[in-house]
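1. I would like the atomic coordinates for the input below:
(one chain, ligands or ions: 1)
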Amino acid sequence: MTKKVQITLACGDYEIVRALKEGEISPDGIDLTILTEMDSTTRHWRFLRNREFDVAEVSLSSYIAAKGRNLPFAAIPVFLHRRFRHGFIFTNTASGIREPTDLIGRKVGVKNYLVTATLWQRGLLESEYGVPHTSMDWYAELDEDVDFIPPTGLRLHRLADDKSVEQMLVDGEIDALLHPDLIEPVLRKDPRVGRLFPDYKRDEIGYFERTGIFPIMHVLGIRPEIVERHPWVPINLYQAFTEAKRIAMERMENPRIVPLAWYREAWEEQQAILGDDPWAYGLGEQNRKTLETAVDYAHQQGLIDRKLDLSDLFLDLSQGRKRGDKHRV
Ligand SMILES: O=C(O)c1ccc(O)c(O)c1
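-> Down below sits the predicted model:
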């Protein structure tokens, strides 16, 4: 008799997981309980600190830091969240910061140092604009997802619990803020807050054209005990996520489903700039380059003290395929 394996999965509420969430498809041999109501910060913490879910969409950079410390986690190359990050570097408009090198010697806020958006932002500031991450003072609002001791030369300060980096930016207590989200002052168009790259879309397109990188934010983490007991679970999950994305992409071809006057134009523009499959899963050439760059940045920024190989980070899915034992338990 075969029995389905019970698995809890925490992830964002995305169109590309909708078919899984609504039960239109289900992974072979797996009975999924999907939790989509958490914000990213909470979800990453609960997975990496408390191991609360079997599978979770989790911060790429905190995951790299966790693996660098040999913490017991594994991952599947499913990338539910990607973002270009030039547009998420915010400045206080009275700070006099006009160009990237103006950040040198400044006070810069972060939600926490390990946030993936911030890894990419520090990386591009350093590699593309000559702004070393050690040339700024960092102020973190939250604790890190995994224990992190700043290496010598990195000035990282933990703010008091009642401090908000968004408010500090508005008040000019910090000069800039690197953040994963569009912050409240920007949404309400507060004139005290601007962007380091006001023409960020142009800069992000230029970055993609130069590097081929559409930055990956999150990976699909899995507790290794699950993989040890059921080695076929990763490949079956991978296939289900791939199919859910295929269904979503097909649905997105319909210009009526989204309440946007020029939706179809945006969809076609993405294809023209980023190619046919910018949200690809797996370890194809473009994803490899993106992930290897993230590992390089993590090493450069002191998140890990040795270079990790992608095979250290991601499960070998060909194993499950070769076994062919789809869901016997
Ligand atoms: O990837 C991350 O590290 C990360 C952390 C916090 C967030 O709110 C987020 O959206 C992403």
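
2. for the stretch 151-300 of the chain, what lies in contact range of the ligand?
-> 180, 217-218 (CB under 6 Å from any ligand atom). C-betas here are computed from N, CA, C, even on glycine.

3. which one of the residues you listed is nearest the ligand?
-> Pro180 (3.6 Å; CB to the nearest ligand atom).

4. check contacts around the closest one.
-> Contact analysis of Pro180 by CB atoms under 8 Å, 6 or more residues apart in numbering lists 40, 83, 88, 111, 115-118, 217.

5. doesn't it belong to a helix?
-> No: counting by DSSP: H, G, I helix; E, B strand; the rest coil, Pro180 is not found in a helix; it is coil.

6. tell me the residues of the stretch 1-150 of the chain that contact the ligand?
-> Residues of the stretch 1-150 of the chain lying near the ligand (CB under 6 Å from any ligand atom): 40-41, 44, 59, 61-62, 111, 115-116.

7. show me the helices in this protein, by range?
-> Ranges of helices in the chain, per DSSP state H, are 18-21, 40-48, 60-68, 116-129, 165-171, 184-187, 200-211, 224-229, 233-252, 263-274, 285-300, 310-313, 318-323.

8. elements contacting the fifth one?
-> Secondary-structure packing of helix 165-171 (3 or more CB pairs under 8 Å, 6 or more residues apart in numbering; DSSP states H and E): strand 89-92, strand 107-110, strand 176-178, helix 184-187.

9. re the thing from before, for the helices of the chain, which one sits closest to Asp143?
-> helix 40-48 (8.2 Å; CB to CB).

10. quick one on the thing from earlier: select, out of the helices and strands packed on helix 165-171, the one closest to Asp203.
-> Closest approach to Asp203 among the helices and strands packed on helix 165-171 (CB to CB): strand 89-92, 10.3 Å.

11. give me the contact list for the closest one.
-> Residues external to strand 89-92 that are found in contact with it (CB under 8 Å, 6+ apart): 97, 121, 125, 169-170, 172, 174-179, 183, 185-186, 192-197.

12. circling back to that earlier point, let me have the helices and strands packed on helix 165-171 in CSV, extended by distance to Lys163 and mean neighbour count.
-> Converted to CSV, the helices and strands packed on helix 165-171 look like this (distance: least, CB to CB, whole Å; neighbours: other CB atoms under 10 Å):
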stretch, distance to Lys163, mean neighbour count
strand 89-92, 15, 24
strand 107-110, 9, 25
strand 176-178, 12, 26
helix 184-187, 15, 15
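
13. need the ones you listed in TSV (columns: distance to Ile273 and mean pLDDT).
-> As requested, the helices and strands packed on helix 165-171 are arranged in TSV below (distance: least, CB to CB, whole Å; pLDDT from 0 to 100):
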stretch	distance to Ile273	mean pLDDT
strand 89-92	21	98
strand 107-110	29	98
strand 176-178	24	98
helix 184-187	23	98
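
14. before we move on, the earlier item: can I get the helices of the chain in a markdown table including distance to Leu154?
-> As requested, the helices of the chain are arranged in a markdown table below (distance: least, CB to CB, whole Å):
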| stretch | distance to Leu154 |
| --- | --- |
| helix 18-21 | 40 |
| helix 40-48 | 21 |
| helix 60-68 | 14 |
| helix 116-129 | 11 |
| helix 165-171 | 18 |
| helix 184-187 | 27 |
| helix 200-211 | 25 |
| helix 224-229 | 30 |
| helix 233-252 | 35 |
| helix 263-274 | 33 |
| helix 285-300 | 11 |
| helix 310-313 | 23 |
| helix 318-323 | 38 |
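
15. lowest average pLDDT across these?
-> Lowest mean pLDDT within these: helix 318-323, a mean of 57.
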